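*Asks:* What follows is a protein structure lacking sequence information:
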């Protein structure tokens, strides 16, 4: 074989070997990047799955109330007694986080908040009779007791400041969501709030 041809073959083979090495190095790098992105997605998705639970803010309120019960005859009050009630009201505001929708855009490294659940408010008043004046002329019957306890329940429900409770429950919701956002920020993901209802500057402090 002529020296010139031999040199050409050696040069060609060397070039092929270099190209193959570059190809495998580039392929491995892409594989590592892909694995890293998949791992990041799994970490974020796993954290979101952990948040898929009910967030509940619970408060108790109590009140005493005195209601007069009178006995009238021919338009005149003959006797007047009273019922004292004690009302204990339990209020729960909950968010079902299994209903929230968050998308992970790994290509553009974005965590997109599509929707958040609405708060559900449950008010459970419990009324007890503390004391009851009774007399021969004015017997307090079951219908009157039922009316008084029902009025006490209605007053308890109306006295609840739902807006204040919603604000407090939203603060609790933000604390839970912040666990996801801090993690996403650490992995260099941009957080996009399509609901326009979150103050991300506070969430990411």
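*Replies:* That came in fine, so what should we check first? Quick caveat: nothing in here was measured; it's all calculated off a predicted structure.

*Asks:* Could you tell me which ranges of the protein sit under the pLDDT cut-off?
*Replies:* Applying pLDDT under 70 to the chain flags the ranges 1-40, 42, 51-53, 55, 70-79, 134-138, 202-205.

*Asks:* Which parts of it are helices?
*Replies:* 3-51, 142-158, 162-186, 200-203 (DSSP state H).

*Asks:* Tell me the span between the first and last residue of stretch 97-116.
*Replies:* 8 Å (Cα to Cα, to the nearest Å).

*Asks:* Quick one: neighbours of residue 149, just the number.
*Replies:* Neighbour count for residue 149, taken as other Cβ atoms under 10 Å: 19. C-beta: built from backbone N, CA, C; applies to glycine.

*Asks:* which residues does the closest residue to it other than its chain neighbours form a beta bridge with?
*Replies:* In space, and not counting its chain neighbours, residue 149 is closest to residue 127: 4.4 Å by Cβ to Cβ, 6 or more residues apart in numbering. Beta-bridge partners of residue 127, counted by DSSP bridges, are residue 87.

*Asks:* hang on, isn't residue 127 packed against residue 155?
*Replies:* No: contact between residue 127 and residue 155 fails when scored by Cβ atoms under 8 Å: they sit 9.9 Å apart.

*Asks:* measure residue 116 to residue 85 for me?
*Replies:* Residue 116 is 39 Å from residue 85, where distance means Cβ to Cβ, to the nearest Å.

*Asks:* Domain ranges for this protein, per the record?
*Replies:* 1-51, 53-203 (automatic domain parsing).

*Asks:* Could you list the buried residues of stretch 95-110?
*Replies:* 95, 97, 100, 102, 104 (16 or more other Cβ atoms under 10 Å).

*Asks:* ok, back up a step: more neighbours: which of residue 127 and residue 155?
*Replies:* Remark: of residue 127 and residue 155, residue 127 carries more neighbours, 21 against 16, as counted by other Cβ under 10 Å.
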